[in-house]
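1. Compute the structure for the input listed below.
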Amino acid sequence: MSDIPSDLYHNILRRVPTDSLLRFRTVCKEWRRLIDDPSFIRSHTNNQLSSATLLIRNSDGTRLYSLSLDSLDYNNDAHQVLDVIPVQTLYRKGVPRIPELPVASCNGLMLLSEPYIEKTWLVWNPLTRELHKLPEPDIKYPRLVGSGIGYDSASDDYKVVRVDRLYLGNESVYQTRVYSLKTKSWKVIEDCPRHFPVPNPNASVFLNGVIYWRSYEFVIALDLETEHYHKLPLPPCLGNPFETHLDALGGFLVLSEYYSMKRIDEWVMKDYEWVKLFSFGGVYGSGFMWNLRPVAYLKSKGQLFLQHDKGFFMLDMQKNFAKKFTIDGLPDNFSSQFFPRSLFRLDESCDVAVESTAGMKNKYNQR
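-> Residues are numbered from 1 along each chain as shown. Below you'll find the predicted structure:
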């Protein structure tokens, strides 16, 4: 290694997949020091965000799997068969199981919380299997209505957000608290705009320094650098969809609108304006439209990767055709989420128990 300029192998390692780098930490002390360096982790994370990986959860949250979408041959119209890779899951007393996906996440970190058990909050890295427990904030009679996690590049800090509805006499406010992983403390910022309620308190998405929630009347956005709120309009001529989903896919904010069981409209925000991607009235296979959910948007290819019931298919919006993929090793019922992997280190490392579908438990040491 002494004959290779350090800048050269630094650049090479930045392009190595995350799970491989985790193994390379054992090559030598110099590589371990480099791979654990915060500046290297930042540059590697930015380089890996374009890597398309799905995280897949079984129905009861006891098993996780990963699926690399980079291995798909999008130019081949022939049927393809892919395999999923098991991921070690986290089992500890007092730690919630992985909820149904998607959940609040950012750059390979996942926020685990129980909406109705506010004392249990932690940030988890599924790759390193490290976690960080959040202290309980000092709130009397909280009613959680929103949560999220994101990255503030200005302060180089990951932040967790919770919004609680507090009753003050005959009035109520939506109080917002922000937890800093750098300072390991909570603070109160400005109140969230009124009419915040969302169907699921965990249904937030992070994109480019901002956490978004879908409210009934608009999209609420919290800038993590300024810690100020603003509101975004919904798409024009929205109609009366019976359900909507907000996602961050391919570097864009994507809104899915479900109309009965017959149609789904997909919108993407470009330059702060909503542009319709497509209106889809037929599915490759059987099942209701509300079981159809986009999980990855490949803008450069004009393709959308979707989960439908118990399978996946790709919709090519340029060629106007759909292609089904067979995924071996999937559980009977599952949920999925686009989830890049990260080397970001959290402060707690310990033995975790990995449980198979047969109920067998084995100890896995993180180090």
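
2. Next SSE downstream of the lengthiest helix in the chain?
-> Longest among the helix segments of the chain by residue count, using DSSP state H, is helix 38-48. The helix or strand immediately downstream of helix 38-48 is strand 53-58, counting by DSSP states H and E.

3. in its sheet, what does that next one sit against?
-> Strand 53-58 has the following strand partners under DSSP bridges: strand 64-68 (antiparallel), strand 334-338 (antiparallel).

4. roughly how far is it from the heart of the chain?
-> Between the centre of strand 53-58 and the centre of its chain there are 10 Å (C-alpha atoms, centre = their mean, to the nearest Å).

5. For it, give me every contacting residue.
-> With C-beta atoms under 8 Å, 6 or more residues apart in numbering as the test, strand 53-58 has contacts from 63-70, 84, 87, 98, 100-101, 126, 295-296, 330-331, 333-341, 357. Any C-beta I mention is one placed from the backbone N, CA and C, and that applies to glycine too.

6. Can you flag the buried ones in those?
-> 63-67, 69, 84, 87, 98, 101, 126, 295-296, 330-331, 334-341 (16 or more other C-beta atoms under 10 Å).

7. Can you give me the first-to-last residue distance of stretch 297-306?
-> End-to-end distance for stretch 297-306: 9 Å, by C-alpha to C-alpha, to the nearest Å.

8. From Tyr174, how far off is the residue nearest the centre of the chain?
-> Taking C-alpha atoms, centre = their mean as the criterion, Ser105 is the residue nearest the geometric centre of the chain, at 3.7 Å. Separation of Ser105 from Tyr174 (C-beta to C-beta, to the nearest Å) stands at 23 Å.

9. if we can go back for a sec, wait, which of the strands paired with strand 53-58 is closest to Lys140?
-> When the strands paired with strand 53-58 are compared by C-beta to C-beta, strand 334-338 sits nearest Lys140, at 33.9 Å.

10. Please save the CA atoms from the closest one in CSV.
-> This file holds the C-alpha atoms of strand 334-338, laid out as CSV (Å, rounded to 0.1, in the frame of the first residue of the first chain):
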residue,chain,number,x,y,z
PHE,A,334,-44.0,-8.3,3.0
SER,A,335,-43.4,-4.5,2.8
SER,A,336,-40.5,-2.7,1.2
GLN,A,337,-38.6,0.6,1.1
PHE,A,338,-35.8,2.1,-0.9
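
11. which secondary structure elements does the longest helix of the chain contact?
-> On a contact count with 3 or more C-beta pairs under 8 Å, 6 or more residues apart in numbering; DSSP states H and E, helix 38-48 meets helix 6-14, helix 18-24.

12. So which of these has the densest surroundings on average?
-> Highest mean neighbour count among the helices and strands packed on helix 38-48 (mean count of other C-beta atoms under 10 Å): helix 18-24, with a mean of 15.

13. Just send the helices and strands packed on helix 38-48 back as CSV, with mean pLDDT and distance to Pro235 too.
-> Below are the helices and strands packed on helix 38-48 laid out as CSV (pLDDT from 0 to 100; distance: least, C-beta to C-beta, whole Å):
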stretch, mean pLDDT, distance to Pro235
helix 6-14, 76, 38
helix 18-24, 80, 35
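
14. Make TSV out of these and add distance to Phe305.
-> Listed next are the helices and strands packed on helix 38-48 as TSV, based on distance: least, C-beta to C-beta, whole Å:
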stretch	distance to Phe305
helix 6-14	26
helix 18-24	20
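
15. ok so, going back, wait, the residue nearest to the centre of the chain sits on Phe339?
-> Yes. Contact status for Ser105 versus Phe339: in contact at 6.3 Å, counting by C-beta atoms under 8 Å.

16. In the helix or strand Tyr179 falls within, which residues are buried?
-> Tyr179 is part of strand 171-180, with elements assigned from DSSP H and E. For strand 171-180, a neighbour-count test (16+ other C-beta under 10 Å) marks Tyr174, Gln175, Thr176, Arg177, Val178, Tyr179 as buried.

17. Going by distance to Trp274, which of those wins?
-> Nearest to Trp274 among the buried residues of strand 171-180, with distances taken as C-beta to C-beta, is Tyr174, at 24.8 Å.

18. for that closest one, what are its contacts?
-> Contacts of Tyr174 by C-beta under 8 Å, 6+ apart are Val145, Gly146, Val163, Asp164, Arg165, Leu166, Asp191, Cys192, Pro193, Arg194, Phe196.

19. which residues does it form a beta bridge with?
-> Bridge pairing for Tyr174 (DSSP bridges) gives the partners Arg165, Cys192.

20. any idea of the pLDDT on it?
-> On pLDDT, Tyr174 comes in at 87.

21. same check, this time on Val275
-> 90.

22. In this structure it contacts Val268, no?
-> Yes. Counting by C-beta under 8 Å, Val268 is a contact partner of Val275 at 5.6 Å.

23. Tell me which of those two has more neighbours.
-> Higher neighbour count among Val275 and Val268: Val268, with 21 against 12, using other C-beta atoms under 10 Å.

24. ok, now which ones touch the more buried one?
-> Neighbour list for Val268: Phe252, Leu253, Val254, Leu255, Trp274, Val275, Leu277, Tyr297 [criterion: C-beta under 8 Å, 6+ apart].

25. So which of the strands paired with strand 53-58 is nearest Leu346?
-> Checking the strands paired with strand 53-58 against Leu346 by C-beta to C-beta gives strand 64-68 as the closest, at 17.1 Å.

26. Show me which residues of stretch 255-273 are buried.
-> Buried positions in stretch 255-273, judged by neighbour count with 16+ other C-beta under 10 Å: Leu255, Ser256, Glu257, Tyr258, Tyr259, Ile264, Asp265, Glu266, Trp267, Val268, Met269.
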